[in-house]
Each structure stands twice: as structure tokens, then as C-alpha cells.
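1. The sequence and its predicted three-dimensional model are supplied below.
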Protein chains: 4
Amino acid sequence: MRIGILNSGGDCPGLNAVIYGVVGAAAKLGWEVIGFRDGFEGLLPPGDYIMLEPEKMAGILKQGGTILGTTNKGHFAAKVGEGNVAEIPQDIIEKAKATLKLLEIRALIVVGGDGSLTTGMQLMRNGLPVVGVPKTIDNDLAATAMTFGFDSAVSTVVDALDRLHTTADSHKRVMVVEVMGRNAGWIALWGGIAGGAHVILIPEIEFNFENVANAIRQREAQGLHSTMIVVAEGAHLPGGDAVTKEKSASSEHRLGGIGDYVAAKVAEMTGKETRSCTLGHLQRGGSPTALDRLLGARFGVKAVKLIEEAKYGHMVSYQAYHVDSVPIEEAVSACRLVEPDSEVVQTARAVGISFGDK
Amino acid sequence: MRIGILNSGGDCPGLNAVIYGVVGAAAKLGWEVIGFRDGFEGLLPPGDYIMLEPEKMAGILKQGGTILGTTNKGHFAAKVGEGNVAEIPQDIIEKAKATLKLLEIRALIVVGGDGSLTTGMQLMRNGLPVVGVPKTIDNDLAATAMTFGFDSAVSTVVDALDRLHTTADSHKRVMVVEVMGRNAGWIALWGGIAGGAHVILIPEIEFNFENVANAIRQREAQGLHSTMIVVAEGAHLPGGDAVTKEKSASSEHRLGGIGDYVAAKVAEMTGKETRSCTLGHLQRGGSPTALDRLLGARFGVKAVKLIEEAKYGHMVSYQAYHVDSVPIEEAVSACRLVEPDSEVVQTARAVGISFGDK
Amino acid sequence: MRIGILNSGGDCPGLNAVIYGVVGAAAKLGWEVIGFRDGFEGLLPPGDYIMLEPEKMAGILKQGGTILGTTNKGHFAAKVGEGNVAEIPQDIIEKAKATLKLLEIRALIVVGGDGSLTTGMQLMRNGLPVVGVPKTIDNDLAATAMTFGFDSAVSTVVDALDRLHTTADSHKRVMVVEVMGRNAGWIALWGGIAGGAHVILIPEIEFNFENVANAIRQREAQGLHSTMIVVAEGAHLPGGDAVTKEKSASSEHRLGGIGDYVAAKVAEMTGKETRSCTLGHLQRGGSPTALDRLLGARFGVKAVKLIEEAKYGHMVSYQAYHVDSVPIEEAVSACRLVEPDSEVVQTARAVGISFGDK
Amino acid sequence: MRIGILNSGGDCPGLNAVIYGVVGAAAKLGWEVIGFRDGFEGLLPPGDYIMLEPEKMAGILKQGGTILGTTNKGHFAAKVGEGNVAEIPQDIIEKAKATLKLLEIRALIVVGGDGSLTTGMQLMRNGLPVVGVPKTIDNDLAATAMTFGFDSAVSTVVDALDRLHTTADSHKRVMVVEVMGRNAGWIALWGGIAGGAHVILIPEIEFNFENVANAIRQREAQGLHSTMIVVAEGAHLPGGDAVTKEKSASSEHRLGGIGDYVAAKVAEMTGKETRSCTLGHLQRGGSPTALDRLLGARFGVKAVKLIEEAKYGHMVSYQAYHVDSVPIEEAVSACRLVEPDSEVVQTARAVGISFGDK
């Protein structure tokens, strides 16, 4: 018995922990595991892969990145159309099938986000048994309570905030920290609260600059001369105008991303010295946290179990206190956003954090 | 309106985050917060306390320990008898009441473990409105899915395992790491899996040394010459014989705690060079992880909300995805142990980790 | 006996360790220490300062930033003219003298860079006993072998490279990391070697893009598909043309700083996917490394000793294996640059690192 | 041209950085490098070794331990007799020679401490060209100003002190931290100052318990209720009586090492609650600091240069600001101890740290 695994889409701390879990669990069952390189690309004939031997898995648990490589481009870059129908040409699918058949792969574990899992389902409809492991560093998949990588990204944000607090205090500055989160503000929200931010701007809660400036002014009035602002990439102004839109209108302020923009605006409105910092790829790299290693390993073990039970088309899912599975088709259709009235948002407000919305 | 807060029992990363949450949330409501020093001791006349001013809370979020001090000794050292009746003398209770009355404290937030919360209930039965925040670094309270401090302790264990792996590999040694967990093996289980341990010994799963030695021998046979063993303080041998019992019988091997004992036994049985390391207080100290800071802050905010809603006698509780509350009386009676057949234990077994039970 | 201390110029990890050293050493001598806030600004009447009490210094050793605040602006923003004559108006000097006289300060410790120490010397020529502690995170002061803050900045760079390596490998990318170093490339050189960079671009070694592209192509040919480039802010092209000049000429590529520019150029020339990351203020913040804490404490203790010995006009200096002092006038005139043929540069070349110069 | 390298003796962070430096520098010269496993043991026929290919060295720079393995036992366990004559039997030497000849190794790089380098010299006297790289985590070799691994060990101590400070403060305890240093107190001294210790006990400065108790009592009198004591393994009482001697006399107090003993004594004398923590192997493990990676890489590169220049019998040495070499024979004979009146000790005293000697 031989199974395959591939990682697809953006890098995420904990991917190697999933591989560790898969290989360990498969070895217990006497199965072999083949790891395909660079996402689905590794499926193209003659196949780009390595045998994942259990004795060699020691040490990968704590490594960031993925020993298999990944890509969010290439021949399998699925455009998710209506009804989640991925538009991968049939000849590419046939080639992948051929490779898997040649290598006698009985089932394929796809570790990836929405797009990659949808591609996985297309393979499945073409006769390839597939199980999914959700990968979303933004933690915005509705079908799972938590995914690996998120805690590591939040920790990176908190570590950066710890560093920037001291320099903001020393210089009485406003610091704007741009973090990941195009659709959902989880990283900004969790990282911002834990990192002692004073203003958090996320896609789910519309903000305006007057409220942000007021939050800073109120702090000044209390003798607190530094302010820490965390802004998610996808934060936007009210009335449906995305910040990106206004940005183009005021391109003289534009040096880089939204962080730079917010910093410039805030400096203009408050007269404070501001600095911005974009964490970018630092959030995706590095050794995973303890939690993400555990979560990744659990997901990997569960994926093997799904194959053992022939629950194809299912995706591993973290259900409250235990790892379970859900049908992939249902899973990929729903994004989990921060609810503006949820307990964590209320927590942030309760400790005096502004979301710029009032 | 003025409320009080105290920390009682052993140190735990995230205590300051709870204080941060309480003071922030109280400030939003216009309430004052008084922090009592050194646990319940601070309640003794004339009261040992500080005013917790919101402007000064910046920076405590990331500090380990507690700015209020704590103790697990003193006049309020409750012995939990049958039915959870704490045996604190009535005159001590009266003195605490007098202090709280003098300071016009309307409600008291007790952050503590089983014993401390039981003491809190005794105060409550004597007319003092009390709400509880659960503190158990071992994460073994059945009434809450997770408590702050646990993730930090697990991270410390994983960090230590990362360090010891390299030196174990270089010298082909067996390393035994003793971690906290007298009744419950959560820290050993989570930390062990995430830290790449090969054998995990916990109170909930009886082990014997022959199985442990076999796990090491099997690794040797695969060319894996180092083995990492994580043992919880309370791990014990089958048949009801606690390791501590056998230890006294073989005191010549006894240099320190159970970690040293396991190391000596394993060396004797396998002929391998072994070393042991007891993490001890390192697990309680240090800056809390991002997760623990967030959890602590959420717990603090919720405690203030419980007072606002007059839900006295309730304890903050992490219910799946949100922070909620449960009656303290129910909460303190139930310990949450690792279930030997639970998904996380199965995960550990699936990746080849031995619990020494087979 | 009472002495004063102030921090001036940019933030730097270890400033609090200097204060810790100064206050500890002064206490041993029975002296009081007054800390002026926000650099020289705190000297303006009526004086903005705090008493630095020895009992309260516990804990500052590990804090980043400075508890005194700092500024690199304000009334004392010395423009270092020819001959290092700082052009601070005489009335400002008189005001500072008045404050120091009123507070009965016998000597002032100035912790700062070239400009701040020059200002200190101007105060000294006006009758105020001054001793200096060098502060340059870039480590480019010729008069001292090492300064605090540098090791912390290098560590931040190495930590970032560790994170980015994994994600670069997973995606087969070129990563460009922009680090501090306007005149001298020490941070880039040390951080780059220790962080496993493949190309290091510094002001002291002129580079051209063809060489950089070739280094990447050679790696590709060896099957190494990711490349890590560290570029100091002040790196420049040969022929005296600063990169900043060419940048304006090719502004279509300009998204941000030199890191973005190098990334764009490299992408164009090699066809590789590139990403850039600017570490910015992350390098100045955060808890100092063990080395920087020790160095800061040693510098602080030595500064007090200089006062005890009335060696005014002297600056603390790290001379090979021990901390000593040198005359400030001599010290501020000389910048320490990386010597293109020095042993560390040779080390980098020896392990295959390209400087883009050949 | 082919050279060999081996690591011998105790594990040390930065060993892989040396290998990285050696392999990189050799590749530049077109040389092959063979790495022998498990110290000198790998030299026994038929030879236990791996080819160290440059393309595979990425990533080892940051790994703790050594990819080659090491041992401080085995056939080559040299007993250094008078005049540094290592007593390795001639037949073992002949076997090693045979392996090296068979593999066409032109020169051997020995990375090790006093004993290992002496063994290296014995090989050299038997006709094998050897160069040395000093490895002493205790940093006590007189012939080099600094060695890799030391900064990492100091950082581990400082990290532990940071953690224990918070819990000591919360509980008003005395914490005793036992660190490495049998002959020399460098780790205790540097780690203790940087970690904010109040008492440091090292072999070079005789202490007595009355002075230690007084230091604690004085802190109590100032309202400072926690005290942090760092004790090196080899610390001893005055009059030539090693602590180990008194320990046997008072074995009722003996639970473990000297840390436990000091804790028990201090508790007895001051009535304070004390806890002890032995850092042990944590100090040898883990990812090396930025400084140690750089130092290791520089040492490795220099070792190759020594071979290139045929400076056999020489050892790499860190001379003030650059890496140089010294004859091994001279190097192994001199231990570098903390000078009781040196500037760093004076720094410690100046900030109020007690060495228990007065």
C-alpha cells in the first residue's frame, strides 16, 4: 500500500508537521508515503517526488517551510469559478492520473487552501481518491475551528509588536504594523490584542481615519505618547470604499502598502512622528510554535485515518476539542470572518482597543 | 464603583494578562481596580494592595509572573476537605471581610486554582461577592477547555526538547526530560508530541520499564541511536504501584526526581548512555506566549463582565470557541485528565510514540 | 554627590543596561543619579527628569528601548560642521547649564552617537564636566572595538533570515533583505554570514547587478533554487554612482527602498520570482542579547569610573578584551568601515558568498 | 585534494558552523571534505564517514549539535599525562593512519578541547598533518580570546534567569541556578551579570555562605524580597575546601548538585523559601547565537587556510579582532581563568553583585 502527499499554495509553518504525522501514521500501518514536489506540479510525468522514509522524519517537525516545496502557480493554478469548478484542463488531469497510476498511489493527501482543495476535488471526480488537509495561515476557513500556521503567524506579529513597543516608547512615536489578512482580520485581531496594540484595523470592521486620530489624541491626553496600530492588508474605509481605492486617489502618500498609507495619513492628521513596518513573509517563515506542530501532526495522522476509512473527498477539520473531518465540497465554500460582535472583538474593545469604527 | 483582584497559588504565565484585561475592562466602565498583594494574604488588615491604574498597565501583558505577587502558603492555605469545604478559620474570613469593606470593594476577582477558588467560595458564603478566573498551568480543570499558562509551559518543554535533541543526537544518548503534571499528563503529552519525543510517560497511562526499553531497542535497530523520553512528575507503574514507591525501594539509583530515576533504570536496562533534565520552574516563568496573553486578557475581560451581570459564584470558562462562565462549585470538583483513548493520544501512538504501556 | 545621564539619538538595545550599570556603580559610591528625559531636551528648564533609584533598576536590564526616552530632533539637534563643531546656539547651552546647576549635577553622562557626543563636548567647553558612552547600532565608531546594540541588531537579522530561508526554499525564490547600515556594512556582513546569506551588498564593496545575477545563476546550475541576498541601506554601484542615483533614473522599478529595487532588478535579470523584506525598526527594538546587556552594563560602570577619576571629555571604549576610555574629540572623528580585505570579508567569500563585485 | 574533519568531546553550539566554514572554503579551493563520525572513533577501519557536499550544507549553520556526531569516550579517550603526552596506544594510532591513508586524506581538522587537540598532536607526531579548532563551551582556553558556543551557553543562562526572575519575584523566593564551569567561571560571570543575578559564585573567587546570606538579608532590608544566585559547578569554599568536600560531610542536605546544596544552605541560614534549577545539557543544545555561528564559520574557514599554508600543528585562535592561529602545543597547556580583579568582575561588583567573598 502506497499513498501520496503534496503541499500546494503559500508557505505555512506546520506543513512539515503534517508530513511528520502522515509518515508516522502510515509507517504504523505498514504503508509507504511518496511526497510530490512543488505542489501539484510534481504530479506531471515522469513525477517529481521523494520517498518519505520514517527514519528521516526526525527533525522536520520543527522546520518551517516544507521539505516538499510548494507553489501557488504552475499548470494546476485553478481558477475557482462559480460552483467551485476548477478550470484545470483535462489533459493536465490525465497526466497527473498517469503518474499516480504508474507509482501505484492508492490515495492522495492534498495539503492546501481553497483553490488547492478544489483542484483535489477535480482529481477525485476523475477517479483519484483524495483527502484534504486545510492550510490557511489566515485561519479563515469556516469548516475548521483552527488551522496550523495561524498561531505561528500571530506569534510573529506579537514578537514584532514587543520589539516595536520599546522603540515607539523611547521616541514617542506612532507605529503602524501591516500584517497578513486580505479577507479576514484574525491575525491582526489576535496578534493585536496579545501584542498590546491600541488600534486594530481589519476588513470586517469598517474604520475611518478621524476615529483613529481621536484614539491617538486621547492617549496623548492621558500622557501616553506612543501608539501601536495593527492593520490587516485588507482593511478598508466605510461606504464600501476600499482603502486601495482611496490610495490611488492620494498616490502622493503612497510609498508601499496600506501600512505606509495609514502611517502617512495619521502623521498628517495628528502631527505625530509615525513609522510603519510591513511584516510580510516573516509571518510565513520560521519554526512553527508548539501548538502548530501539534496541530499539524494531528492533522497528518487524521488524514491517514481518513484514507484507512476510505472517507475520500473529506477534509481534516478541527472540531472544538478534537480533530475530525468534513466533506471538502462543503468546506471550501465558506470563509470564516471575524464577527464584529464576537467575544474576542468585545475583549479588544473592553481593554480600550479602537477599531477605528467609532 | 471599585473592585478587587488577587492572584493565588503557583505562578503562571498570563497572570498579568488577566490583570491587563480586568483593568482595561473596568476602566471602560469607569470602575477602579485594587490589586491585593501576595494572594489572599493581602486581604488581612490593614490590607496590602496597590491601585491598578490603566495608564500603567502597558507592558505588563508580556511580563511573566504577576505584578501582584502570589503565594500558595499563608493564612488562607485552604485544605480542601470532603465536599470541597475549605477549612479556613472564621476569624481570618472576618478579617478579610473587614478589609474589603473598609476599601469599599464591591466584588472580588480570585485568580487561582482549585484550592483558591474554594477559598473564594467560602468568602462568598460569608457575604462577599466573588467571581473566579481559573488558573492551572497543568490545564487539568474539567470546567474549562483551556487555561492560560498551559501553552507557555508546553512551549518551554518544546524549546527544551529542541535543544536536547541536538545534543542527544550528537552523543547518541537517551535524554529523559521531567516536566510538570502531578495528576494529569497534558504538558507531557502536548509538549512531547510537538517536541518530537519518542516515549511519553503520564499518570493516565500506566507504563512499565520493559516497554520503554523495547522502544529504545527498536529505535537502535532502525539505526536511530538517540531517544527522547518525556516523563510527567506523576507518571507511575502499573498495578497501582506509584513510581515513588518503587523509588524508595531502589534508592541507590535515586539522585533526584522521577526523571533521574527513569534515566538510571533505562541506562541499566539498555546499556545506553542516558542523561536527565528537570525543567522545574523554567516552565512557570518567562514571557507568556501570544495565545496565553490573549486567553488571559479574554479571561480578565470576562471576569469584569460577570461582575457587571452580578453572576457571582461563577468562574470564567473557555467553552470551545468562546469564553463563558460556569458555577465555581461545579467547576472545582472535576479534574480533567488525558483520556487514554482520546484523539491526541492516538495521534502520539500513530507517529510511533510509546507510552510504555505496551 | 549627584550625577546626570541622558540618552540621545536613535533607539538601541542595551541603553537600559547602560543605565543599570551607571545606577548600580553610583549607588556603590553613594552617589545619586538623575536621568534626563528625551535626550538633551530634558536639560531645558525646568528640567524633565526622574531620580533613578537603585531598587527600581531590577528588570530594566532586559528591556529594549530606554526608560529615559530619547530623541534625535529638538533644540539640541547638532549639525556637525567642519572640525566637528556642533552649531548649538549659546542660549540653549546656557539654559542646560542652568538646569544642571540648579539640580547640583556634578557631571553628565551622555550616551549617544557622533552628533550627541559632539554636543556633549560643546557643553564641556562651556564648563560642564561630561563623559561619553558611545552608541551606534551600526558598530561603525573607530574608537571602540564593539558597541552595545550591534549584536542585537545582527541577531534580529539572523532570526529574520532563518525565517525567510524556509519560505524561500519552499517557493524557490530569491529573497532580498534590506538591513541597516548607511555608511558601514557591519550589520549586513555579520548578519549575512551568520544567517547563511549567499549575496551580501555593502557600502564598502561596490557591486554590480551582473555579478549578483551570475551568483544566482550559478546556484541554479547547482540545483540550488533559492537565494538569499542581504543588502545594507547604503550599498551602491561602482563608479561612485550611488544606487539611489540609478534608482531615480529607473523609478518605474521603485516601490520602496533599496531592497525593493534590488529585488526588482534581480527578477528582471534572472527571471526568478523575488520578494523583498525591509527589517527597519525591528532591528532597533526588542530585548537586548546577553552580550549587549553585558556590554551595556560594563560601559555604564566604566562611565561612572571615568567621573570618579575626573577623566572628563573621555568616552568609554571597548579595547580588545576590556572596556577602557578614549578622548571624545578623537573618537567622534573616525568612522570604522568594513575593510574589503579583512578576515571577516574573506570568510564570507571563502564560504561562497558573493559581494556582487566580481 | 581531500581533507578530513572530525568533532571530538562534548557537544557545543556552533560545531556545524565550523563544518559549514570548512566545506565552503574547501569547495572554493576545489578540495573535497570527508567528515568522520563520532569523533576519532570514525577513524577506525574501515572508517565511519560521510562526504560533505557543499550543496547540502545549507541549513546546518543554524543547527545545534553536530551532523558528524561526537563522543568524549571510546578508543581515543586520551588521558592527558604530564607534559601533555596523550596515552593513546600505538596500535590505535596506526589504525587511524591506515584509514586516512586509504581515503587519501591529506590533512585532518580536529575540532575539540584540550584532550582532543592533544590526541591530534599525537597523530601529528606519527606523521599525520593536523590542524586544530578549539572547542570549549566554558571559554577557558588561554590561547584564544573567544570560542564558539560560549555566547550560546551564556544566552541560555540569561534566558533561564529571565524566566526565573518573574517567578522568584511573584513568590518572594531565592532562586539558585547551577550553570556549567568546572574550572572557570566565565559562563556564570557573563550570564550572571547579563541576567541580573545578585550573587555569583565561581571557582576563581572563594566564597563563604555567611557573605551570601548577608547579601540576601541586605536585599530584604531594602524591600527586595527575591534574590537570584548563579553558581558555577566548580565553585568552592575558602581554605581550599571544595564545596564537594563539605557536601559529603553534610550529605543530609544533598539532593543533587551544588545548586541544590547552595539552595538548602541558604534556606537554612536565611529562613527564605528557596528553589534550585540545574540547567545542565540545555546549555549545550539549541541553535547557536548569531555570534557563535559567525565565529564558528570564521574558525572553519581559517582551518582550511592553515592547511593551505601547511601550518600544521597550529590551532585557530581568535586574536582580539581577527581570527589567527597559534601552535597547538602551546595552546593546550594554558587554561584561561577569570581574573578576580579584572574589569568584568569589577563591573559585577560595581552594580552590587556579591561573589560571596566579602
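-> Cool, the structure landed.
2. From here on, just use CA atoms for contacts and neighbour counts.
-> Noted.
3. The helix of greatest length in chain A and chain D, are they touching?
-> The residue-count maximum for a helix in chain A (DSSP state H) belongs to helix A:150-171. No. Helix A:150-171 lies out of reach of chain D by Cα under 8 Å from any Cα of the partner chain, never closer than 15.6 Å.
4. surely A:Glu41 meets A:Phe76?
-> Yes. Under the criterion of Cα atoms under 8 Å, A:Glu41 makes contact with A:Phe76 at 7.0 Å.
5. relative orientation of the following helix or strand past the longest helix of chain A and helix A:150-171 in degrees?
-> Next in sequence after helix A:150-171, counting helices and strands by DSSP states H and E, comes strand A:174-179. Strand A:174-179 and helix A:150-171 meet at an angle of 160 degrees, taking axes from the mean of the first three to the mean of the last three Cα atoms, to 10 degrees as the criterion.
6. list the helices and strands strand A:174-179 packs on?
-> Strand A:174-179 sits against helix A:150-171, strand A:227-232, helix A:258-270, strand A:274-278, with contacts defined as 3 or more Cα pairs under 8 Å, 6 or more residues apart in numbering or on different chains; DSSP states H and E.
7. hmm, try it at 7 Å
-> Where contact means 3 or more Cα pairs under 7 Å, 6 or more residues apart in numbering or on different chains; DSSP states H and E, strand A:174-179 is packed against strand A:227-232, helix A:258-270, strand A:274-278.
8. Contacts made by that strand with the rest, please.
-> With contacts defined as Cα atoms under 7 Å, 6 or more residues apart in numbering or on different chains, strand A:174-179 is touched by A:168, A:188, A:226-233, A:259, A:263, A:272-280.
9. Mind checking the pLDDT average for it?
-> Mean per-residue pLDDT for strand A:174-179: 96.
10. what angle separates that strand from strand A:227-232?
-> 20 degrees.
11. partners of strand A:174-179 in the sheet?
-> According to DSSP bridges, strand A:174-179 forms sheet pairs with strand A:227-232 (parallel), strand A:274-278 (parallel).
12. burial of A:Gln218, as a residue count?
-> 12 (other Cα atoms under 10 Å in any protein chain shown).
13. One more: A:Leu295?
-> Using other Cα under 10 Å, A:Leu295 is surrounded by 26 other residues.
14. ditto for A:Glu268
-> 14.
15. I'd like to know how far it sits from B:Val131.
-> 46 Å (Cα to Cα, to the nearest Å).
16. What values do phi and psi take at A:Glu32?
-> Dihedral pair for A:Glu32: phi -90, psi 150, per degrees, to the nearest 10.
17. Show the contacting residues for it.
-> A:Glu32 touches A:1-3, A:26, counting by Cα under 7 Å, 6+ apart.
18. So A:Pro340, which state does it fall into?
-> Following DSSP: H, G, I helix; E, B strand; the rest coil, we place A:Pro340 in the coil state.
19. And it, how far from A:Gln346?
-> Distance of A:Pro340 to A:Gln346, computed by Cα to Cα: 8 Å.
20. Show me which of the two is the more surrounded one.
-> Remark: of A:Pro340 and A:Gln346, A:Gln346 carries more neighbours, 17 against 14, as counted by other Cα under 10 Å.
21. thinking again about what came up before, and the longest helix of chain A, what does it pack against?
-> helix A:186-194, helix B:290-308.
22. Buried deepest among the helices and strands packed on strand A:174-179, which one?
-> Burial of these is given as mean neighbour count (mean count of other Cα atoms under 10 Å in any protein chain shown); strand A:227-232 ranks first at a mean of 27.
23. show me the residues around the residue nearest to the spatial centre of chain A that make contact.
-> Centre of chain A computed as the mean C-alpha position; nearest residue by Cα atoms, centre = their mean is A:Ile137, 1.5 Å away. By Cα under 7 Å, 6+ apart, the contact set of A:Ile137 is A:12, A:149-150.
24. Now with 8 Å, please.
-> Residues near A:Ile137 by Cα atoms under 8 Å, 6 or more residues apart in numbering or on different chains: A:12, A:147-150, A:153, A:284.
25. Ranking helices and strands of chain A by mean pLDDT, which lands last?
-> Here the helix or strand of chain A ranked lowest by mean pLDDT, DSSP states H and E is helix A:243-249, holding a mean of 46.
26. outside of stretch A:39-52, which residues touch it?
-> Here stretch A:39-52 has contacts from A:6-9, A:23, A:32-37, A:68-72, A:74-76, A:92, A:95-96, A:98-100, using Cα under 8 Å, 6+ apart.
27. Let's see which of the residues you listed end up in helices.
-> Assigned to helices by DSSP H, the following of these qualify: A:23, A:92, A:95-96, A:98-100.
28. Quick one: the residues you listed as TSV, columns for pLDDT and distance to chain C too.
-> Below are those laid out as TSV (pLDDT from 0 to 100; distance: Cα to the nearest Cα, whole Å):
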residue	pLDDT	distance to chain C
A:Val23	95	19
A:Ile92	92	21
A:Lys95	95	23
A:Ala96	94	21
A:Ala98	94	25
A:Thr99	96	22
A:Leu100	95	22
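29. May I have the predicted confidence score for the residue sitting furthest away from the middle of chain A?
-> Here chain A reaches farthest from its C-alpha mean at A:Ala221, the gap being 37.9 Å by Cα atoms, centre = their mean. Looking at A:Ala221, its pLDDT is 94.
30. what are the phi and psi values for it?
-> Backbone geometry at A:Ala221, expressed as degrees, to the nearest 10, gives phi -60, psi -30.
31. What sits closest to A:Ala303 if chain neighbours are left out?
-> A:Val316 (6.2 Å; Cα to Cα, 6 or more residues apart in numbering or on different chains).
32. picking up where we left off before, adding mean pLDDT and distance to D:Val18, write the helices and strands packed on strand A:174-179 out as a markdown table.
-> A markdown table is the format used below for those (pLDDT from 0 to 100; distance: least, Cα to Cα, whole Å):
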| stretch | mean pLDDT | distance to D:Val18 |
| --- | --- | --- |
| strand A:227-232 | 95 | 41 |
| helix A:258-270 | 95 | 41 |
| strand A:274-278 | 94 | 34 |
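33. Could you list the contact residues of the stretch 101-250 of chain A toward chain C?
-> Residues of the stretch 101-250 of chain A lying near chain C (Cα under 8 Å from any Cα): A:160, A:162-167, A:169-172.
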